[in-house]
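J.: Test case, fold it:
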Amino acid sequence: MLFDDLMNDTVKVLKQDGEIIPDIKSSVQKDKIFIQRSDILIEIGDLIQHSMSNGAEETYKVIDPGFHEQFHGIPAGYQMDVIKLGLPEAKAAVQHITYNISGTNNRINQHSTDNSVNVVNSNPALQQHIAALRNEIDRLCLPEREQLASHEVIDAVEAQVESGKPSKAVVKTLLNGLPNAGSIASIGSFIISLLG
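T.: Down below sits the predicted model:
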């Protein structure tokens, strides 16, 4: 009998960093779960969700992954020590998974319908001029303290621009706080003109 024939259950792994690994063939026992795969990483604290044919779902917490390498005819895989979580613990554990997302217009909808509208105020010309300001400050070889202060001013200008409703007066005041150099003044005037 092949080991694969014993893998009659299907589980998914909920990693602590929010990653979900679905459709894993396994054998779920009372305090153990066997998985004959070595291409995934299962760690202490990960959750295993077992969906059963009757529609019920069980959640287990990994106490010891018990990974073993291939040995003779036994394929590499996991012989995990797990504890079964009750409904309240399972809900709490699943809700404490952290989802890290970044970038424009990214979002997560979990068991919900997204009816939101995203408004993105992204002006590539403004971003290019802000990057040019940063480069110019670095090129001027200012004393470290003045350079750090200048980058903080540029960060504040960038925050104003990204706020969606930048104040032209605030941006102008901030730009006046930068070192007095012709190149910086011309880049600053471009930024102010782009604000309308």
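J.: Just give the number of residues close to Gln29.
T.: Applying other Cβ atoms under 10 Å, we find 12 residues neighbouring Gln29. C-beta: built from backbone N, CA, C; applies to glycine.
J.: For it, what are phi and psi?
T.: phi -120, psi -170 (degrees, to the nearest 10).
J.: what sits up against the longest helix along the chain?
T.: Ranked by residue count, the top helix of the chain under DSSP state H comes out as helix 144-162. Residues lying outside helix 144-162 but in contact with it, judged by Cβ atoms under 8 Å, 6 or more residues apart in numbering, are 121, 123, 126-127, 130, 133-134, 137-138, 142, 166-167, 170-171, 174-175, 177-179, 191, 195.
J.: which element follows it toward the C-terminus?
T.: Going down the chain from helix 144-162, the next helix or strand is helix 168-176, by DSSP states H and E.
J.: just to revisit the earlier point, just the buried residues of the contacts of helix 144-162.
T.: Buried subset of the contacts of helix 144-162 (neighbour count, 16 or more other Cβ atoms under 10 Å): 126, 130, 133-134, 137, 166, 171, 174-175, 178, 191.
J.: Measure how far the helix or strand Gln127 falls within is from the centre of its chain, please.
T.: In the assignment (DSSP H and E), Gln127 maps to helix 124-139. Using Cα atoms, centre = their mean, to the nearest Å, the distance from the centre of helix 124-139 to the centre of the chain it belongs to is 27 Å.
J.: re earlier: now compare the buried ones among the contacts of helix 144-162 and name the two farthest from each other.
T.: Considering Cβ to Cβ, no two members of those lie farther apart than Ile137 and Pro166, which are separated by 20.0 Å.
J.: okay but Leu6 is in contact with Ser27, surely?
T.: Yes. When contacts are counted by Cβ atoms under 8 Å, Leu6 is listed as touching Ser27 (5.1 Å).
J.: Need the overlap of contacts for these two.
T.: Each of Phe34 lies in contact with both Leu6 and Ser27 under the rule Cβ under 8 Å, 6+ apart.
J.: Any stretches of this structure with poor pLDDT?
T.: Within the chain, the ranges that satisfy pLDDT under 70 run 1-5, 88, 90-123, 183, 190, 196.
J.: Which parts of it are strands?
T.: With DSSP state E as the definition, the chain shows strands at residue ranges 9-14, 20-28, 32-35, 47-51, 57-64, 67-68, 77-85.
J.: buried stuff in the first one?
T.: Residues 9-14 are the ones in strand 9-14 that count as buried (16+ other Cβ under 10 Å).
J.: What of the fourth one?
T.: Of the residues in strand 47-51, 47-50 count as buried by neighbour count, 16+ other Cβ under 10 Å.
J.: Noted, bye for now.
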